[in-house]
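K.L.:
predicted model, plus sequence, below.
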Amino acid sequence: MKFIVSSTYLLKQLQVLGGVINSSNTLPILDNFLFELDNNHLTVSASDLETTMASTLDVESDSKGSVAIPARLLLDTLKTFPEQPLTFVVEENNTVEISSNHGKYALAYADGNEFPKAVELEDPSKTVVTGDVLATAISKTIFAAGNDDLRPVMSGVFFQFSTEGLTFVATDAHKLVKYTREDIKANQVAEFIMPKKPLNLLKGILAASEDDVTIEYNESNAKFTFENSVLICRLIDGKYPNYEAVIPKENPNKLMIDRNQFLNSVRRVSIFSNKTTHQIRLKIAGAELNISAEDIDYSNKAEERLTCDYQGDDMQIGFNSRFLTEMLNNLNADNVQLEMSMPNRAGILTPADGLDDGEQVTMLVMPVMLNS
């Protein structure tokens, strides 16, 4: 088995696939890339048993075969080469020899047949989304997903597909983000919970891609096909909490404010907040928003006044500044609206501008109790 491939082209593909491989694997074979050669097509796969990703590359070759090559060693070697053709030859003595313009390098390989086979999806449903839309949906929601191993359903992003549109939801019980696209529809209703790791991989790869991504899914697995790559992952098992029930419907108090100004102010004031609660206080009266924080243990306190557009009753409400900062960071609007009903009910943060047609983002942040 022998093939010739460009060093930078191979490295670029392998760096993406390398994101799948765990730093410590239960099976030693998972520390390898699987190379499957079929004449001019080389398919490289990486897996951690939960997620498997494969990319197909164009190479020069007239042979067939499969070998598993140590991932770390190969990546470290490829990073040092300038652009040039590399020749890979699989020798009889269980080594792969790589020849460059200046030298030869031999790596031990494992039998390709030992590598776990990717799951075949039986009877999947299918939806097609453009890459940049999917990447936006992931990056707008994934930061709100939880890290609690005891509640695995909340550690992923909930995909809800219907003939009305697509909805993506993430929550960790303190904050919740719901991202909706009404301009893209699925042909049937489906719901599944995607784990974070494959989503982070997809987000990185698809960020600027306008190519279509085909999403196929059944009860237990999902498969994403785009350009020359395929990603298959196991879904999180369980029922997602009824998130609609926690979104307050009646919110008479509406605050409209410049996002950057609000974000910077919250950032500054929060430096003076209590290091365990991260609590900041918003006091709104008329067209004035007063943001304050206090750390009684150290006698630190800060207060800022901003002008805003506010309709509603005067009120005081407390929030965890870290959640508020995270949410404001993930909105790319000039102005944002914060809707509230009462100091003990969740606040709803939405962008006032900067959205595409058919695109909606709703962020929910739970309040913290104020010590009067």
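P.N.:
Arrived safely, thanks for sending.

K.L.:
do me a favour and get the end-to-end distance for stretch 32-49?
P.N.:
Criterion Cα to Cα, to the nearest Å; first-to-last residue distance in stretch 32-49 is 13 Å.

K.L.:
ignore the last one, stretch 29-44
P.N.:
Taking Cα to Cα, stretch 29-44 runs 14 Å from one end to the other.

K.L.:
in it, which residues are buried?
P.N.:
With burial defined by 16 or more other Cβ atoms under 10 Å, the residues of stretch 29-44 counted as buried are 30, 31, 32, 33, 34, 35, 36, 37, 42, 43, 44. Every residue, glycine included, has its C-beta placed from N, CA and C.

K.L.:
my guess is residue 292 contacts residue 283. True?
P.N.:
Yes. Using Cβ atoms under 8 Å, residue 292 is in contact with residue 283, at 7.1 Å.

K.L.:
sorry, back to before: Serialize the buried residues of stretch 29-44 to a markdown table and add fields for distance to residue 314, secondary structure and pLDDT.
P.N.:
Listed next are the buried residues of stretch 29-44 as a markdown table, based on distance: Cβ to Cβ, whole Å; DSSP: H, G, I helix; E, B strand; the rest coil; pLDDT from 0 to 100:
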| residue | distance to residue 314 | secondary structure | pLDDT |
| --- | --- | --- | --- |
| 30 | 59 | helix | 97 |
| 31 | 61 | helix | 97 |
| 32 | 64 | strand | 98 |
| 33 | 62 | strand | 98 |
| 34 | 64 | strand | 98 |
| 35 | 67 | strand | 98 |
| 36 | 67 | strand | 97 |
| 37 | 71 | strand | 97 |
| 42 | 67 | strand | 98 |
| 43 | 64 | strand | 98 |
| 44 | 62 | strand | 98 |
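
K.L.:
okay if I get these as CSV plus distance to residue 82?
P.N.:
Putting the buried residues of stretch 29-44 into CSV (distance: Cβ to Cβ, whole Å) gives the following:
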residue, distance to residue 82
30, 30
31, 27
32, 26
33, 22
34, 27
35, 22
36, 27
37, 25
42, 21
43, 26
44, 21
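
K.L.:
and which of those is nearest residue 246?
P.N.:
residue 30 (39.0 Å; Cβ to Cβ).

K.L.:
give the contact list for the closest one.
P.N.:
The neighbourhood of residue 30, defined by Cβ atoms under 8 Å, 6 or more residues apart in numbering, consists of 21, 22, 47, 48, 49, 116.

K.L.:
helices of the protein, start to end?
P.N.:
7-18, 71-78, 131-141, 196-206, 259-270, 321-329 (DSSP state H).

K.L.:
count the residues that sit near the closest residue to residue 301 other than its chain neighbours.
P.N.:
Distances taken as Cβ to Cβ, 6 or more residues apart in numbering put residue 294 closest to residue 301, at 4.1 Å, once the chain neighbours are dropped. Number of residues near residue 294 (other Cβ atoms under 10 Å) recorded here: 19.

K.L.:
surely residue 294 and residue 273 touch.
P.N.:
Yes. Between residue 294 and residue 273 there is a contact at 7.3 Å, judged by Cβ under 8 Å.

K.L.:
measure the residue sitting nearest the centre point of the chain to residue 158 for me?
P.N.:
Computing the C-alpha centroid of the chain and ranking residues by Cα atoms, centre = their mean puts residue 200 first, at 3.6 Å. Note on residue 200: its distance to residue 158, by Cβ to Cβ, to the nearest Å, is 16 Å.

K.L.:
check residue 193 too.
P.N.:
Distance of residue 193 to residue 158, given as Cβ to Cβ: 5 Å.

K.L.:
can you list residues touching both of the two?
P.N.:
residue 240.

K.L.:
most neighbours, which of the contacts of residue 30?
P.N.:
residue 47 (25 neighbours).

K.L.:
pLDDT at that residue, what is it?
P.N.:
For residue 47, the model assigns a pLDDT of 97.

K.L.:
quick one: contacts for it?
P.N.:
Taking Cβ under 8 Å, 6+ apart, one finds 20, 21, 30, 34, 53, 115, 116, 118 in contact with residue 47.

K.L.:
least confident of the residues you listed?
P.N.:
Lowest pLDDT of those: residue 118, 91.

K.L.:
the nearest residue to residue 183 once chain neighbours are set aside: neighbour count?
P.N.:
Leaving out its chain neighbours, the residue that sits closest to residue 183 by Cβ to Cβ, 6+ apart is residue 358, at 3.1 Å. The number of residues packed near residue 358 is 14, by other Cβ under 10 Å.

K.L.:
circling back: mean pLDDT added to the helices of the chain, as TSV?
P.N.:
Listed next are these as TSV, based on pLDDT from 0 to 100:
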stretch	mean pLDDT
helix 7-18	96
helix 71-78	97
helix 131-141	95
helix 196-206	95
helix 259-270	98
helix 321-329	97
